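Enquirer: Take this sequence and fold it.
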Amino acid sequence: MTAETLLHFKEILTRRLERIQPGFSELISTLRDSKDYEEPMDVMDLTATRCARDLMIEIHRHDRLAAVEIRGALRRIAAGSFGICEECGDEIGVERLKAQPITRVCIECRKRMEAFGRLDVA
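Expert: Residues are numbered from 1 along each chain as shown. From the prediction side, this is the model:
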């Protein structure tokens, strides 16, 4: 993979990380400062409030996991192993990386993993 292509992926991944990181402290602040339960609520209001809070927490969990994957991809770029399949050692196609830049496996290994129910790798 060329240095220019690696730089392109590094920029994409860095932008994604910058886009999701501000939400981390925002969510914690929102949950900590929430006064949702101070007013008397009927069952419907309480349920809606809890659902909204649970949704915020789930979005945060998803973003946190994405941040871990993005940081891993950035470390692989720095180490020179970005774009190399962790299963077979072959190059991961650039088109696959464009679609899923955090991936650690080539499409063939991914298909094999899906066939065996191993879906723990992007």
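Enquirer: residue boundaries of the helices in the chain?
Expert: 3-20, 22-33, 43-79, 94-99, 107-115 (DSSP state H).
Enquirer: Now render those as JSON lines, adding mean pLDDT and distance to E86.
Expert: Yep, even glycine has a C-beta here, placed from its N, CA and C like the rest. What follows is those, written out as JSON lines (pLDDT from 0 to 100; distance: least, Cβ to Cβ, whole Å):
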{"stretch": "helix 3-20", "mean pLDDT": "94", "distance to E86": "16"}
{"stretch": "helix 22-33", "mean pLDDT": "66", "distance to E86": "27"}
{"stretch": "helix 43-79", "mean pLDDT": "90", "distance to E86": "9"}
{"stretch": "helix 94-99", "mean pLDDT": "95", "distance to E86": "13"}
{"stretch": "helix 107-115", "mean pLDDT": "91", "distance to E86": "8"}
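Enquirer: got the domain boundaries for this protein?
Expert: For the chain, automatic domain parsing gives the domain ranges 1-80, 83-122.
Enquirer: Give the buried residues for the last one.
Expert: Neighbour counts over domain 83-122 (16 or more other Cβ atoms under 10 Å) mark 83-85, 92, 96-97, 100-106, 109-110 as buried.
Enquirer: Having no further points to raise, I will conclude here.
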